[in-house]
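Enquirer: Quick one, what's the 3D model for this:
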Amino acid sequence: MNQNLAIADYAVFIIYFIVVSTYGYTIYRKRKKDEKDAKAYFLAEGNLTWWAIGASLIASNISAEQFIGMSGEGFFLGIAVAAYEWVAAITLIIVAVWFIPVYLKNKIYTMPQFLKTRYNESTALIMAVFWLFLYVFVNLTSILYLGAVAINGLAGGEYLHVIMIGLALFALIISLGGMKVVAYTDVIQVAVLIIGGLVTSYIALTTVGQYFGVGQNAIAGFKVLMREAPEHFKMIIPKPTATSSQLEIDKYLTFPGILSYVAGIWIINLNYWGCNQYITQRALGADLQTARTGILFAGFLKLLMPLIVMLPGIAAYVLYQNGHLPQLVGGKDGAYSAVLTFLPTGLKGLSVAALTAAIVASLAGKVNSISTIYTLDIHKKYIQKEAGEKQQVNIGRIAVFAAMLLAVLFTWNDILGIGGVGGFTYIQKYTGFISPGVFAMFILGMFWKRTTGAAAIVGVILGFVLSILFNEYAPILFGNDTLLYTAYPNGKGAYEIPFHICMGLSFCFTTLAMVLISFAGPKVNPKAFELDTTMFKLKPQTTVLIVITLLIIASLYVKFW
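Expert: Numbers count the residues shown, from 1 in each chain. Below you'll find the model as predicted:
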């Protein structure tokens, strides 16, 4: 790329590319005899192992959003952003224990299918379209943009579009083989991203220790971070006062203290992990125990993620504040790639491979889900009802290519303004426009028999409208005196409510409306799911894993509260 990368770095990266591509092709050849089977293509024939499910969940989740965006928020906010990961670990326990049994018992393979089975065709179609737009124009575009920005930071800031195309093509190579290829290559991807991520964090801490005269010692470097940036090691962002600086206000708008834990961060995680085709697709084809174990394994791995993706951002902040880092390329989202410049030859290539693994795995998983929803829930039902197995697979591959092309085009000049607010916050905020309504619709549909189809349609539309209202028109609703002002990089500004609080408000009003509408409907709903309490029972080893995970999370919060 440039003088930052040596021949050894290129060699490490090329080896990674060859291993992943070869392994993916091997998996594809093994299932080639079934490539005309739509279930094999979209759901990996229902025979993924628990470790493949868990690894694929993490590889698909830990994308550029985490590596770059969360590292950038670590630079800006500090350890408070780790709440997304630790709450996600608890959320995965909830999903494994209560959500997945409902899906598997009712033979649900896509989220729109859940809505059709539980509610009606209209609800399923509305949400299928919603998800397609969200996945393409929020998720794919942000993953591409953040990934390209990070690698471009190492490339000298001149190759953004070339890198973007390269990432898209690499993801296409993997995703065109179907879910089984995506999932099993994710096992290699997650190994690379964890090893590379840990190496990057270790080097970042030892670099801090070296610059501050405590030696090349990771533990000593961590103590320097706590000493030099104590405000970055508080889980709760304090509410601004009349004398607060604009920086303090902007931090609170991004993560509004204890109020984040009341609703916003739970809605984000429960909707993402429990009601999201992109995530649940890995487990929907497996048996209950395999799916549950894989999800809990992913939850346990989640505990490592702040160490890998957030700590380098805090290290970058301390180095930057003390003049040891140049100006960041891409603002706070350039923190991770800035830390990579300190890595020695060879290890730098490993970290770039880890970053690429995270980006490509997420892109591949996302476009596979896009093709699944489009093919099974839109094309097969409304456009080509007689499509056979081979035609469905071909349609799915066309959808993969089309989705990636759209993402590249919309990311080309940062049309959506991702760089203006920070990539991680961009994804959380704009995904949150539909999260409250969707989560309300799913949670009531699963566990309250009275919920009606009319309530579901009102809920998803009302949740979206209320999110726009609270996020974009807050001054009209509440007046400027009760809001916080935020300044944007382009010199403009606006009064607004923290988006976590917006999600909480939207969820509460949406849920209330759905309950009232359902009470006005029939008392007996023939489409309600019958819940068998035996399907929620846990094996002893599963219970032990859950308890250990919860104890680790509790100890972390006690330490940094």
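
Enquirer: switch to C-alpha atoms for all contacts and neighbour counts from now on
Expert: Will do.

Enquirer: for I461, what are its contacts?
Expert: Counting by C-alpha atoms under 8 Å, 6 or more residues apart in numbering, I461 touches G437.

Enquirer: which SSE is it in?
Expert: Assigning secondary structure by DSSP states H and E places I461 in helix 453-472.

Enquirer: again with H324
Expert: Judged by DSSP H and E, H324 forms part of no helix or strand.

Enquirer: Pull the contacting residues for it.
Expert: Applying C-alpha under 8 Å, 6+ apart, the residues contacting H324 are Y211.

Enquirer: gap between it and T341?
Expert: Remark: distance between H324 and T341 (C-alpha to C-alpha, to the nearest Å) = 12 Å.

Enquirer: V192 too?
Expert: 19 Å.

Enquirer: Count residues in the vicinity of the closest residue to F297 other than its chain neighbours, would you?
Expert: Leaving out its chain neighbours, the residue that sits closest to F297 by C-alpha to C-alpha, 6 or more residues apart in numbering is G54, at 5.4 Å. Neighbour count of G54, defined by other C-alpha atoms under 10 Å: 29.

Enquirer: I'd like to know which elements the helix or strand where G54 lies is packed against.
Expert: With secondary structure defined by DSSP H and E, G54 is part of helix 50-61. Judged by 3 or more C-alpha pairs under 8 Å, 6 or more residues apart in numbering; DSSP states H and E, helix 50-61 is in contact with helix 179-211, helix 277-280, helix 288-302, helix 347-372.

Enquirer: got the angle for it vs helix 179-211?
Expert: 60 degrees (axes from the mean of the first three to the mean of the last three C-alpha atoms, to 10 degrees).

Enquirer: quick check: angle from helix 50-61 to helix 288-302?
Expert: 50 degrees.

Enquirer: With neighbour numbers in mind, choose between V192 and T341.
Expert: With neighbours defined as other C-alpha under 10 Å, V192 and T341 compare such that V192 has more, 23 against 16.

Enquirer: got a list of what the spatially closest residue to that one that is not a sequence neighbour touches?
Expert: Leaving out its chain neighbours, the residue that sits closest to V192 by C-alpha to C-alpha, 6+ apart is A354, at 5.2 Å. Listed by C-alpha under 8 Å, 6+ apart, the contact partners of A354 are 189, 192-197.

Enquirer: Mind doing that once more with 7 Å?
Expert: 192-193, 196-197 (C-alpha atoms under 7 Å, 6 or more residues apart in numbering).

Enquirer: would you list the residues you listed in CSV and tack on pLDDT and distance to A220?
Expert: CSV is the format used below for the contacts of A354 (pLDDT from 0 to 100; distance: C-alpha to C-alpha, whole Å):
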residue, pLDDT, distance to A220
V192, 79, 26
L193, 76, 25
G196, 81, 21
G197, 82, 19
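
Enquirer: Now list the buried members of those.
Expert: Buried members of these, counted by 16 or more other C-alpha atoms under 10 Å: 192-193, 196-197.

Enquirer: For I100, see how far away the spatially most central residue of the chain is.
Expert: The centroid of the chain falls nearest to N61 when counting by C-alpha atoms, centre = their mean (4.6 Å). Separation of N61 from I100 (C-alpha to C-alpha): 18 Å.

Enquirer: I figured A88 hits N269, correct?
Expert: Yes. Here A88 reaches N269: they are 5.7 Å apart, a contact under C-alpha atoms under 7 Å.

Enquirer: can you confirm P238 is in a strand?
Expert: No. Assessed with DSSP: H, G, I helix; E, B strand; the rest coil, P238 is coil; it does not lie in a strand.

Enquirer: what's the burial count for it?
Expert: Neighbours of P238 under the rule other C-alpha under 10 Å: 15.

Enquirer: what's it in contact with, if anything?
Expert: Contacts of P238 (C-alpha under 7 Å, 6+ apart): G257.

Enquirer: Tell me the backbone dihedrals of it, please.
Expert: phi -70, psi 150 (degrees, to the nearest 10).

Enquirer: Next one: it relative to G432, how far apart?
Expert: Counting by C-alpha to C-alpha - P238 and G432 are separated by 23 Å.

Enquirer: go on, H500?
Expert: 8 Å.

Enquirer: Over to S362?
Expert: Relative to G432, and taking C-alpha to C-alpha, S362 is found at 19 Å.

Enquirer: got it, and Y16?
Expert: 35 Å.

Enquirer: okay, these two: which has more neighbours?
Expert: Regarding Y16 and G432, a neighbour count based on other C-alpha under 10 Å identifies G432 as having more, with 29 against 21.

Enquirer: from memory that one sits against M503, does it?
Expert: Yes. Under the criterion of C-alpha under 7 Å, G432 makes contact with M503 at 6.4 Å.

Enquirer: So which residues of the stretch 401-550 of the chain form helices?
Expert: Using DSSP state H, counting those that start in this stretch, the helices of the stretch 401-550 of the chain run over residues 418-421, 423-431, 435-447, 453-472, 474-478, 499-519, 540-560.

Enquirer: Among those helices, which comes closest to D9?
Expert: Nearest to D9, of all these, is helix 423-431, at 26.8 Å by C-alpha to C-alpha.

Enquirer: can you give me the mean pLDDT across the closest one?
Expert: The average pLDDT for helix 423-431 rounds to 71.

Enquirer: just checking, I308 touches G197?
Expert: Yes. Applying C-alpha under 7 Å as the test, I308 and G197 come out as touching, 5.0 Å apart.

Enquirer: Any idea which of the helices and strands packed on helix 50-61 gets closest to F114?
Expert: helix 277-280 (10.6 Å).

Enquirer: Which other helices and strands does whatever helix or strand W131 lives in contact?
Expert: Per DSSP H and E, W131 falls inside helix 121-134. Applying 3 or more C-alpha pairs under 7 Å, 6 or more residues apart in numbering; DSSP states H and E, we find helix 121-134 packed against helix 111-118.

Enquirer: at 8 Å instead, please
Expert: helix 111-118, helix 453-472.

Enquirer: of all these, which lies closest to Q391?
Expert: Q391 sits nearest to helix 111-118 of all those, at 20.0 Å, using C-alpha to C-alpha.

Enquirer: That concludes my questions; thank you for your assistance.
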